[in-house]
Every structure is written in structure tokens, then in C-alpha cells.
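Asker: got a predicted structure here, sequence first:
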Amino acid sequence: MRNNQQEKNRVFFDKAIWFYETWLVKKINYYLQKKLLKVIKVKPDSYVLDIGCGTGSFLETLDKEGKGVKLEGIDISGKMVEMARRRLDNRANISQRCVEDMEFKNKFDYIFTIDSFHHYADQEKAMKNLRTALKHGGKLVILDFSFGQLGNWVFKHFEPGHSRMFSREEFRKMFENNRFKEIRQRRLGIFSILTVGTE
């Protein structure tokens with residue numbers, strides 16, 4: 001059952017789909033995706049889940065890496081899912097669902113959540129589901145915005161469906177509380193924090 005915040009996100013991203021398909025946004029996203037994949041070296045023949053996959057651009061970038069990875073994506077927006085399915089055709093399994101409701105267990109080698117964690121309605125439940133969905137030794141990769149305390153407060157008041165943004169220290173604590181190991185962090189771009197942990 002959807003709560004009010006999840007519904008706000010669904011409506012917002014159904015309407016915002018055009019923005020993610022503009023030339024400039026696609027160029028910026030591709031640049032950041034390639035930068036991310038230089039840090040996170042996905043092993044050949046891995047099973048990868050992209051949560052909040054949007055129009056499928058990151059899954060497409062992974063597919064073009066040519067490592068034979070098996071790809072899956074979920075997104076709360078039906079229109080985003082439709083676009084991602086057209087983009088990826090049969091090269092990825094794309095479904096409409098939210099992270100709080102997913103029931104994957106011991107399935108993925110890598111889970112990516114890129115610029116979407118601050119939208120999750122129940123972030124603690126999301127973290128538990130993410131850990132459950134990983135295989136033993138699998139990696140959770142969260143890349144999300146952080147503009148500093150004041151910037152985060154301002155951003156929250158302009159973006160519908162926004163839940164909460166985390167500082168670098170808060171992300172680390174959350175990974176530790178959910179028993180992730182080998183936690184690594186770094187800035188990736190001016191306003192993005194990358195946190196990686198192993199199940």
C-alpha cells in the first residue's frame with residue numbers, strides 16, 4: 001500500500017521524465033556514471049540491481065561496458081519504467097515497485113541507488129531490504145546528494161517527495177548500524193557522497 005510520500009514521488013517523477021531525457025542532463029549523468037564505474041569495478045557476470053533506475057540510463061551504461069552482467073531495475077514511476085523498458089529492450093528486467101516493498105533475498109552481487117535514497121519514504125526499512133537482497137559478500141553502492149546542513153534544508157523544501165538527506169557521517173553510521181563491512185566513502189562530484197559497503 002502506498003503512503004502519501006510514495007505517491008508524491010510517483011506523481012513527481014511521472015511528470016519529470018522529460019527532464020531526464022534532455023541532452024544536458026543525459027551528458028552529465030553519463031559522465032558521473034562513468035566516473036562511478038571507475039571507482040566501483042563491477043565484476044564480469046555479476047547480477048546488478050539499480051534502484052530508482054529512472055529511464056534506464058545507468059543500466060544502459062552498464063550494458064555497454066560489455067561484461068555480461070545480468071541487469072535488473074526498479075522504479076516507483078510507471079512512466080520511467082516504460083521508458084527504461086524501451087531503452088533496454090530485453091537486456092534488463094525492469095519493474096515498477098518501491099524499495100520498501102521489494103522482497104528480494106540473497107539475489108544480487110551489486111545494488112546501486114543513485115540520487116534516489118533521499119526520496120525513500122522509510123529509509124531504515126529500505127536499508128534492511130537492501131541488505132537482504134544482496135548475496136553474501138555483495139556490495140551496496142549509495143550515491144546521493146549532500147549540500148551541507150543549510151543546503152539540504154533548502155533543497156528539501158523545493159523537491160516533492162523528499163524524505164531526508166544524509167551527511168557523510170550519517171551515511172557511515174547507517175551502514176554500520178545495518179552491519180555492513182568494508183565501508184568506503186568519497187566525494188564524487190561537487191555535491192554527491194558515495195558510500196559503499198559489503199554485506
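Answerer: Everything's here; your move. Numbering: from 1, shown residues only.
Asker: hey, let's count contacts and neighbours off CA atoms from now on
Answerer: Fine.
Asker: quick check on the nearest residue to residue 13 once chain neighbours are set aside: phi, psi?
Answerer: Excluding the flanking residues, the one nearest residue 13 by Cα to Cα, 6 or more residues apart in numbering is residue 77, at 5.9 Å. Torsion angles at residue 77 (phi, psi; degrees, to the nearest 10) stand at phi -90, psi 120.
Asker: so which elements touch whichever strand or helix holds residue 37?
Answerer: Taking DSSP states H and E as the criterion, residue 37 maps to helix 23-39. If contacts are counted by 3 or more Cα pairs under 8 Å, 6 or more residues apart in numbering; DSSP states H and E, helix 23-39 sits against helix 57-64.
Asker: chain center to whichever helix or strand comes after the helix it packs on: distance?
Answerer: Once helix 57-64 ends, the next helix or strand along the chain (criterion: DSSP H and E) is strand 70-75. Its chain's average C-alpha position is 10 Å from that of strand 70-75, according to Cα atoms, centre = their mean, to the nearest Å.
Asker: what mean pLDDT would you report for strand 70-75?
Answerer: Averaging pLDDT along strand 70-75 gives 98.
Asker: just give me the residue closest to the centre of the chain.
Answerer: What sits nearest the mean C-alpha location of the chain, by Cα atoms, centre = their mean, is residue 113, with 1.6 Å.
Asker: hang on, the earlier thing: list the contacts of the residue nearest to residue 13.
Answerer: Residues in contact with residue 77 (Cα atoms under 8 Å, 6 or more residues apart in numbering) are 9, 10, 11, 13, 14, 54, 96.
Asker: likewise for residue 97?
Answerer: Listed by Cα under 8 Å, 6+ apart, the contact set of residue 97 reads 74, 75, 76.
Asker: given the host helix or strand of the residue nearest to the centre of the chain, what are its sheet partners and their directions?
Answerer: In this assignment (DSSP H and E), residue 113 forms part of strand 108-114. Sheet neighbours of strand 108-114, with direction, are listed as strand 47-51 (parallel), strand 134-145 (parallel) (DSSP bridges).
Asker: and for the first one, what's in contact with it?
Answerer: Counting by Cα under 8 Å, 6+ apart, the neighbours of strand 47-51 from elsewhere in the structure are 58-59, 69-75, 99, 107-114, 116.
Asker: average pLDDT across it?
Answerer: Strand 47-51 shows a mean pLDDT of 98.
Asker: so which elements touch the helix or strand encompassing residue 83?
Answerer: Assessed by DSSP H and E, residue 83 sits inside helix 78-88. In terms of contacts (3+ Cα pairs under 8 Å, 6+ apart), helix 78-88 is packed against helix 4-15, helix 57-64, strand 93-96.
Asker: what angle do that helix and helix 4-15 make?
Answerer: Here helix 78-88 points in a direction 50 degrees away from that of helix 4-15 (axes from the mean of the first three to the mean of the last three Cα atoms, to 10 degrees).
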